[in-house]
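Q: turn this into a structure:
(chains A, B, C and D)
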There are 4 protein chains.
Amino acid sequence: MDRSILHRQLAPEAWHQPGLSPLNKLICILILLASLVAILETEPNVRRLIPGVLSFLEVVFVSLFILEYLLRLYVAGEDPRYRGIGGRIRYVFSIWALIDLVAILPFFLGFLTHSNAFLLRLLRILRILRLSRLGRFSRAWSALAEALNARVHELLLSVGVAALLLLFSSACLYVVEAAEQPEAFGSVPRALWWSIATLTTVGYGDVTPITALGKIFAGMTAIAGIGIIAMPTGILAAAFSDAFQNNDNTQGE
Amino acid sequence: MDRSILHRQLAPEAWHQPGLSPLNKLICILILLASLVAILETEPNVRRLIPGVLSFLEVVFVSLFILEYLLRLYVAGEDPRYRGIGGRIRYVFSIWALIDLVAILPFFLGFLTHSNAFLLRLLRILRILRLSRLGRFSRAWSALAEALNARVHELLLSVGVAALLLLFSSACLYVVEAAEQPEAFGSVPRALWWSIATLTTVGYGDVTPITALGKIFAGMTAIAGIGIIAMPTGILAAAFSDAFQNNDNTQGE
Amino acid sequence: MDRSILHRQLAPEAWHQPGLSPLNKLICILILLASLVAILETEPNVRRLIPGVLSFLEVVFVSLFILEYLLRLYVAGEDPRYRGIGGRIRYVFSIWALIDLVAILPFFLGFLTHSNAFLLRLLRILRILRLSRLGRFSRAWSALAEALNARVHELLLSVGVAALLLLFSSACLYVVEAAEQPEAFGSVPRALWWSIATLTTVGYGDVTPITALGKIFAGMTAIAGIGIIAMPTGILAAAFSDAFQNNDNTQGE
Amino acid sequence: MDRSILHRQLAPEAWHQPGLSPLNKLICILILLASLVAILETEPNVRRLIPGVLSFLEVVFVSLFILEYLLRLYVAGEDPRYRGIGGRIRYVFSIWALIDLVAILPFFLGFLTHSNAFLLRLLRILRILRLSRLGRFSRAWSALAEALNARVHELLLSVGVAALLLLFSSACLYVVEAAEQPEAFGSVPRALWWSIATLTTVGYGDVTPITALGKIFAGMTAIAGIGIIAMPTGILAAAFSDAFQNNDNTQGE
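A: Sure thing, here's the model as predicted:
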């Protein structure tokens, strides 16, 4: 097979038609399947039900990813930056090639515990970001990124206000509830757990204040939580509104 | 009675005045009542209190829906597509006629368990969607749909980001908490249950991390949950704002 | 004292300066104090701590409200609609005079249980709405009301979608979990309690699914809950944005 | 060292370049570190692990803050308002100088309990607000403040509506559930705790209604909670949208 044809199929930036090349589409599906297998393999009930099947699939996927890695190494020569032996070494140490490598390695590192190997294996899913970089989502992405960028100071301000609120509400609860519930509110870092759950309106309820004063502070914190959600949402809505209109105007001209 | 008059009354697309025809209004009310009866019938306390009454009402409703089905089959001939025997057969297999049929059938299928029959019976409520299709909500619906459509890529992007966050936060909690709470965090699919409850800010609290590291990851997940809510809300707000203004401009011209 | 001066002080629509008249301000404060006393009186600990004090205050407040009621009846004659004996009777049966009466009555109805009397007493707080009707919030109120009105169909649509989601998610959980948790999911009305807590992202956690299938449906419901919040928020944001701009344009012209 | 140079370094309003002066940057970092130490010191496990280390750091930080306080007192003479002995006394009683003092004092007040001293020590973090006042966030801050200001009546209205809802929902639950759960719903102030947790969609779940009627009211409260969040978010989004556009237009001219 001609190396330049393979290069066009493998390198997203060399594919000049809209969307992904057929080969990259296939690789995306393989990555998703491999991630699904990695996720399911963590569940003991699944391992017991179909012993060996998932390990076998893992061998298949890793073999295919090794093949893909070698092919990418081979076609890298089409890119002037990675030509020759020195270029190939530079390619191997480029960020995406390292991620490709990390996605294969855990298979060979037998000394890893089960869950650590899993985390490395999950990195594979990042490779989808690379492959889809030039997909049709790029315009939507740039519109959102532009909006976030234009209002980065306002967003950081609301993050700062939220951080101050987090700190003061957990400090108040620590002062008020520490004597009653030393396990849950015995220090500010411990009270932070409650404070985050309340200000984000998650509200697990595993720790709640029991004194009257603690409940009053907690109620005020919960009400402040609405502001913590409304503020960035409002900023984002306004920013997106501006960005979409600018986008439409630019297109209209 | 004249078949064409009945057709105008029954077929929403043949009714040329605003709103629903009187007969379809009646059928809508019947559907709502029948759904209410079906819902109440699932409650054992209600069945004990008024035994027989709900079953009797069910017989009444099914009889009326059978009558309606036969009438619709009869007036279908007014529509050129469904004329003649072949047309009627084609009508019977059209999507809405099938839903009409499904809403009647469970009554005759004695072999269904109680709860399965209930699910089928609930499908009746979908029929309201058909009848109200041409109501005055159609313009509001098209405005919302147009707005969603114009920003479908941005919305899918934020869904994708949310999915990645879901996956990574449950992976982190699995790695950190699996040893301590094998029942709740013993695998990634199990940790997903916690992760969804946290990122959507529902926060049941039936499973919460207990290690310090787990709480730190969980806190970061909860904070990210604000973004998960703020992002699509902001996009929708901006999209609706655009759609409403376009709508107003179009009307103004 | 001159009746017309007293009328201007008491009737909000006869006061032509911005804000409330001094007498109505005083009455507003009285209403708030009386409501606070009514709220505190429900707490047994407070009743035990200062026995008699709250009951005494209640007598004072009711006496003042009776005085106010009689004065309003007296000055109603300034309004052409309520002139003469027949006019006064018409005044007594006007909506706001009835609410004024209801706020006094529970004091004299000894046969009421404690908590029922409380509910009636709380109605007093509604009287603030009447007094502040012509305050400086009226423009803000009309701007919000106008925005809600302009998008009432879109908002009703999203309420309808939310209601359908509520119904289907509780139906699914009923089918899946009824056998395991008959107390919490044994009927659709029971499952609705869980469903509302999840779709509104409140998430009490007093009932949660325990089967795998139930958790999958619940996760999908929780994710749909984001849409349930984002949809009306987006519509309101867009509607307010339009209303504020129209308002500014009208003022600018 | 020249006093005027030191003044430019210390007084944020005398620094005419963008951002903070190098000395103030250092002080900001010191404040953050001192706050972090104060937070960590509340945790018994940390105190046990590294006994003495945090107390030693506290001595270092307080010494540095005393030095800073004396330097600020010295350079205050550069400001015409604080010149001379009388000016210095005026400076000592200015708001920011008092906060600076409060941040040092708890160290010398041995009679304070541990947690009270902590609260005072946390006040130090407020000093960051002063130092960063003239940073690059000031424009973002003024844009947000302007938007909040322009819609202050609408926001207060939605706060008022939320307060009424809070009151009525806790009154309803008190009436319905008081007999069943006297501890949680035995008075309106107690029911408020549940009501706040529900309307803000936090939903701890430590108290939930158990009667059928209580659950119906609670469900309606939870649904109203969506409005409580959507209303201010929508107002903020619209207000920010206006403010950003005005800002852009002003810059464009």
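
Q: do a quick rundown of the helices in the stretch 101-250 of chain A.
A: Taking DSSP state H, counting those that start in this stretch as the criterion, the stretch 101-250 of chain A carries its helices at A:114-122, A:126-131, A:138-150, A:152-177, A:182-185, A:188-199, A:212-252.

Q: make TSV out of these and add mean pLDDT and mean neighbour count.
A: C-beta here means a position set from N, CA and C on the backbone, and glycine is covered the same way. As requested, those are arranged in TSV below (pLDDT from 0 to 100; neighbours: other Cβ atoms under 10 Å in any protein chain shown):
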stretch	mean pLDDT	mean neighbour count
helix A:114-122	68	18
helix A:126-131	69	17
helix A:138-150	83	17
helix A:152-177	90	20
helix A:182-185	92	16
helix A:188-199	94	25
helix A:212-252	86	21
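
Q: how's chain A carved up into domains?
A: Structural domains of chain A, as assigned by automatic domain parsing, span the residue ranges A:3-136, A:142-244.

Q: let me have those in CSV, extended by distance to chain C.
A: Output for these, formatted as CSV (distance: least, Cβ to the nearest Cβ, whole Å):
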stretch, distance to chain C
domain A:3-136, 9
domain A:142-244, 5
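
Q: would you point out which residue is most central in chain A?
A: Using Cα atoms, centre = their mean, the residue of chain A that lies closest to the mean C-alpha position is A:Leu126, 7.8 Å off.

Q: quick check: it touching A:Asp100?
A: No. The pair A:Leu126 / A:Asp100 is not scored as a contact, 10.0 Å apart, by Cβ atoms under 8 Å.

Q: not counting its neighbours along the chain, what's nearest the residue nearest to the centre of chain A?
A: Ranked by Cβ to Cβ, 6 or more residues apart in numbering or on different chains and with sequence neighbours excluded, the top spatial neighbour of A:Leu126 is A:Ile99, at 5.8 Å.

Q: still on that earlier bit, reformat the helices of the stretch 101-250 of chain A as TSV; add distance to B:Asn246.
A: As requested, the helices of the stretch 101-250 of chain A are exported to TSV (distance: least, Cβ to Cβ, whole Å):
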stretch	distance to B:Asn246
helix A:114-122	43
helix A:126-131	34
helix A:138-150	18
helix A:152-177	27
helix A:182-185	52
helix A:188-199	37
helix A:212-252	10
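
Q: out of these, flag the one nearest D:Thr200.
A: Taking Cβ to Cβ as the measure, these were each checked against D:Thr200, and helix A:212-252 came out nearest at 4.4 Å.

Q: so is that closest one next to chain B?
A: Yes. Using Cβ under 8 Å from any Cβ of the partner chain, we find that helix A:212-252 touches chain B at A:228-229, A:232-233, A:235-241, A:243-245, A:248.

Q: tell me which other helices or strands that helix touches.
A: Under the contact criterion of 3 or more Cβ pairs under 8 Å, 6 or more residues apart in numbering or on different chains; DSSP states H and E, helix A:212-252 touches helix A:138-150, helix A:152-177, helix A:188-199, helix B:212-252, helix C:212-252, helix D:188-199, helix D:212-252.

Q: off-centre distance for the fourth one?
A: The chain centroid and the centroid of helix B:212-252 are separated by 22 Å under Cα atoms, centre = their mean, to the nearest Å.

Q: tilt between that helix and helix A:212-252?
A: Inter-element angle recorded for helix B:212-252 and helix A:212-252: 50 degrees (by axes from the mean of the first three to the mean of the last three Cα atoms, to 10 degrees).

Q: between helix C:152-177 and helix B:212-252, find me the angle.
A: With the same axes, to 10 degrees as the criterion, the two stretches helix B:212-252 and helix C:152-177 enclose an angle of 140 degrees.

Q: cool, the second one as well?
A: Here helix A:152-177 runs at an angle of 50 degrees relative to helix C:152-177 (the same axes, to 10 degrees).

Q: same deal with the fifth one?
A: On the basis of the same axes, to 10 degrees, helix C:212-252 is oriented at 170 degrees to helix C:152-177.

Q: what do you get for the third one?
A: In this structure, helix A:188-199 runs at an angle of 120 degrees to helix C:152-177, with the same axes, to 10 degrees as the basis.

Q: and helix A:188-199, anywhere near chain D?
A: Yes. Using Cβ under 8 Å from any Cβ, we find that helix A:188-199 touches chain D at A:188-190, A:198.

Q: off-centre distance for that helix?
A: Centre to centre, stretch against its chain (Cα atoms, centre = their mean), the figure for helix A:188-199 is 24 Å.

Q: for that helix, packing partners?
A: In terms of contacts (3+ Cβ pairs under 8 Å, 6+ apart), helix A:188-199 is packed against helix A:152-177, helix A:182-185, helix A:212-252, helix B:212-252, helix D:22-41.

Q: hmm, back to that, and of the helices of the stretch 101-250 of chain A, who's closest to B:Lys25?
A: When the helices of the stretch 101-250 of chain A are compared by Cβ to Cβ, helix A:212-252 sits nearest B:Lys25, at 38.1 Å.

Q: picking up where we left off before, in a markdown table: the helices and strands packed on helix A:212-252, plus distance to B:Ala140.
A: Shown next, in a markdown table, are the helices and strands packed on helix A:212-252 (distance: least, Cβ to Cβ, whole Å):
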| stretch | distance to B:Ala140 |
| --- | --- |
| helix A:138-150 | 25 |
| helix A:152-177 | 32 |
| helix A:188-199 | 35 |
| helix B:212-252 | 10 |
| helix C:212-252 | 10 |
| helix D:188-199 | 28 |
| helix D:212-252 | 17 |
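
Q: between the ones you listed, which gets nearest to C:Asn45?
A: Across the helices and strands packed on helix A:212-252, closest to C:Asn45 is helix D:188-199 (Cβ to Cβ), at 9.3 Å.

Q: next, the angle from that closest one to helix C:22-41.
A: Going by the same axes, to 10 degrees, helix D:188-199 makes 100 degrees with helix C:22-41.

Q: wait, A:Leu20 touches A:Ala14, no?
A: No. Here A:Leu20 does not reach A:Ala14: they are 11.9 Å apart, not a contact under Cβ under 8 Å.

Q: could you find the closest non-adjacent residue to A:Leu164?
A: D:Ile125 (7.2 Å).

Q: who touches that neighbour in this structure?
A: A:164, A:167, D:31-32, D:35 (Cβ atoms under 8 Å, 6 or more residues apart in numbering or on different chains).

Q: redo the residues you listed as JSON lines? Include distance to C:Ile89.
A: Below are the contacts of D:Ile125 laid out as JSON lines (distance: Cβ to Cβ, whole Å):
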{"residue": "A:Leu164", "distance to C:Ile89": "60"}
{"residue": "A:Leu167", "distance to C:Ile89": "62"}
{"residue": "D:Ile31", "distance to C:Ile89": "71"}
{"residue": "D:Leu32", "distance to C:Ile89": "72"}
{"residue": "D:Ser35", "distance to C:Ile89": "69"}
